[in-house]
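K.L.:
Provided below are the primary sequence and the corresponding predicted coordinates.
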Amino acid sequence: MLTPTQHTLDKLENLLKSAGYKVRYEKGNFKTGACLLQSSRMIVVNKFSNLESKVQAIAELIRQLEIDNEQLDDKQLAFLQQIRKTELQL
């Protein structure tokens, strides 16, 4: 399970950045904590969500994305595997 800390959120953002995605925090009428704009490879996160919701929403989107492993370094690849493994345990 991912711990809902600022460090975890930073690691998720860095993982997405390395994979070619941009993360923005905006206000809006979100039904979930975040959404993915496919054509621009941008993830928009509800800036009014609490830290735990932000971490969960971004992790859920990462699980659904096709991320090229060659774009990631070893630590990021291990973190990606941990995120995907967490989904299987739920």
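P.N.:
Great, that's in hand.

K.L.:
for the record, mean pLDDT for stretch 63-72?
P.N.:
Mean pLDDT, stretch 63-72: 91.

K.L.:
quick one: terminal-to-terminal distance for it?
P.N.:
One end of stretch 63-72 to the other measures 15 Å (CA to CA, to the nearest Å).

K.L.:
which element is residue 25 on?
P.N.:
According to DSSP states H and E, residue 25 maps onto strand 22-26.

K.L.:
List the neighbouring strands of the very next helix or strand once past that strand plus their orientation.
P.N.:
Using DSSP H and E, the next helix or strand after strand 22-26 towards the C-terminus is strand 34-37. Sheet pairing for strand 34-37, assigned by DSSP bridges, gives strand 42-46 (antiparallel).

K.L.:
For the strand it pairs with, which outside residues touch it?
P.N.:
Residues outside strand 42-46 that contact it (CB atoms under 8 Å, 6 or more residues apart in numbering) are 16, 21-28, 30, 33-37, 53-54, 57-58, 61. Backbone N, C-alpha and C define where each C-beta goes, glycine included.

K.L.:
Also stretch 24-40?
P.N.:
By CB under 8 Å, 6+ apart, the list of residues contacting stretch 24-40 reads 22, 42-49, 53-54, 56-58, 60-61, 64-65.

K.L.:
of those, buried ones?
P.N.:
Using 16 or more other CB atoms under 10 Å as the burial test, the contacts of stretch 24-40 include 43-46, 49, 53-54, 56-58, 61 as buried.

K.L.:
Helices of this protein, start to end?
P.N.:
6-18, 51-64, 74-89 (DSSP state H).

K.L.:
Could you list every helix and strand in contact with the second one?
P.N.:
With contacts defined as 3 or more CB pairs under 8 Å, 6 or more residues apart in numbering; DSSP states H and E, helix 51-64 has these neighbours: helix 6-18, strand 34-37, strand 42-46, helix 74-89.
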